[in-house]
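Undergrad: coordinates only, sequence not included:
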Ligand code: TEU
């Protein structure tokens, strides 16, 4: 991977919730343009936009009905081009979200496929006759959003496959024409000047021939027949060769449930597929089998997963470092302590994550420590997955309302989707009118404006971390080595190259912690470079307060 790619620091924007410039309650592209000075001030070097294409918005844009058009809620192609130009003038690159596993059922391809049946190879979607005289779906696969992965259509007297919502039919990648059409779409955006792509659930695009019956699973029945499916690497190599190769692009694939070994097949430096992938291992540490079966968070679990990925993707792969995105709860609510150590724990989490080897992804609002939202009423939620899960929980599993609301408050994707908190004015300065989803009521205390003026704010800490990555090449390229791997709360790892070593130490716990610094580190020639409390010298025996983080350099820089 080229140096510029390794140096990139990516900030994810969920456009609907970023900044509303035209007073309709939803964020838009013009709003992002107005916030470019803020983006620049963070030091990030690329923005990733969640989908802004034409869409009926059944899944907030992850259901696309025209891949070449912008949803009017966000603006139009002219405004988009101006956004690209202005970002580039500010030395910020732009990454688009590609949703190529499925489209919307309102895409003309689907309408045509519905009304003009063809043979299964020629189809743009995956249609099958049902079992039992067409009365039962073709197989037992279930959808990521709960329920069956098949919907029957009278028009064809058959069922179509949708691994997500019924308005998100899966595209038939077996069909070469489908792949060619998708590649043309990607070229369209490259020609406009886009610098990278995040590929939605890209490891699901190849389904096993015959679509066999799946093993029953509380998580997802059928997944063994399409996760990292038989032809996924063939398709991605073709995609790379025909469209992506030789271009200055960053690519990251969202790959659900991959192991480091599987991940390397996508992002090995010689794989000619993707630069890196988003895995979910660390997002599964507080649940069992299924994200809705929540269990208490144990810091050691998280640490072990992070270390494992650092070690196993070295030296031929590259990590995508993230704690948050538009699908995940807020990390400080999930892995930190918002009650007693709110700011400190938010900074500690950022420290241990972003000083690892890989590309940092910061999700909007994470840099000010935005928290989960405590909606009390189901009607306050907007997310399709959340609403479906409530329905299944109540009506199929007979869980109480209270139990379901507790799960949702912890895990709902809407936790990440409440409007960006800009200031203490109405609607958090996001919009002059009522937003599409309510703002988190804590916005008078947690917002950009307050944190701008406080040198010790979470926001300014993120700026320091970003600056460190630019200052010390060892943070980008250096080897990773963990110590105290079995300790339940202590992070102790180093990054090193020939010139310099960076030591990262942190207490992911509620109790003060004492430990010895291994003898191989001289305490004499170390310099404290960052802390979420007071910087202090490295000593043979160290004490760390709850959630305290300290970072040092040893040697020449
Ligand atoms: O998400 C895929 C995915 O598997 C999960 O992260 C998903 O959010 C859900 O929680 C599974 O239980 C991607 C997108 O990031 C997500 O926003 C879309 O809804 C989904 O694909 C479908 O396009």
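TA: Sure, I can see it. Quick caveat, the model's predicted, so the values are computed rather than measured.

Undergrad: of all the residues in the stretch 351-500 of the chain, which ones are close to the ligand?
TA: Proximity of the stretch 351-500 of the chain to the ligand, by C-beta under 6 Å from any ligand atom, involves residues 385, 413. C-betas here are computed from N, CA, C, even on glycine.

Undergrad: Going by proximity to the ligand, name the top residue of the stretch 351-500 of the chain.
TA: Ranked by C-beta to the nearest ligand atom, the top residue of the stretch 351-500 of the chain for proximity to the ligand is residue 385, at 5.5 Å.

Undergrad: and that residue, how many neighbours does it have?
TA: 23 (other C-beta atoms under 10 Å).

Undergrad: Now tell me what touches the helix or strand harbouring it from outside.
TA: Mapping residue 385 onto the secondary structure by DSSP states H and E places it in helix 384-395. Helix 384-395 is contacted by residues 58-60, 144-147, 165, 292, 378, 381, 399, 401, 403-404, 407-408, 412-414 when judged by C-beta atoms under 8 Å, 6 or more residues apart in numbering.

Undergrad: Buried ones among these?
TA: 58-60, 144-147, 165, 292, 381, 399, 404, 407-408, 412-414 (16 or more other C-beta atoms under 10 Å).

Undergrad: Among the contacts of helix 384-395, name the ones in strands.
TA: By the criterion of DSSP state E, membership of the contacts of helix 384-395 in strands covers residue 292.

Undergrad: State the distance from the residue sitting furthest away from the middle of the chain to residue 141.
TA: With distances taken from the mean C-alpha point of the chain and given as C-alpha atoms, centre = their mean, the most distant residue is residue 133, at 41.7 Å. Noted for residue 133: a distance of 20 Å to residue 141, by C-beta to C-beta, to the nearest Å.

Undergrad: sorry, back to before: mean confidence for the helix holding residue 385?
TA: Along helix 384-395, the predicted local confidence has a mean pLDDT of 97.

Undergrad: What are the buried residues along that helix?
TA: Neighbour count says helix 384-395 has 384, 385, 386, 387, 388, 389, 390, 393 buried, by 16+ other C-beta under 10 Å.

Undergrad: can you check stretch 496-509 too?
TA: By 16+ other C-beta under 10 Å, the buried positions in stretch 496-509 come out as 496, 497, 500, 501, 502, 503, 504, 505, 506, 507, 508, 509.

Undergrad: hang on, the fifth one is in a strand, isn't it?
TA: What that stands for is residue 502. Yes: applying DSSP: H, G, I helix; E, B strand; the rest coil, one finds residue 502 inside a strand.

Undergrad: Please determine how far it is located from residue 397.
TA: 48 Å.

Undergrad: same thing with the second one?
TA: Relative to residue 397, residue 497 is positioned 53 Å away (C-beta to C-beta).

Undergrad: Off-centre distance for the helix or strand bottoming out on mean pLDDT in the chain?
TA: Lowest on mean pLDDT, DSSP states H and E among the helices and strands of the chain sits helix 3-7, with a mean of 92. Here the centre of helix 3-7 is set off from its chain's centre by 20 Å, with C-alpha atoms, centre = their mean, to the nearest Å.
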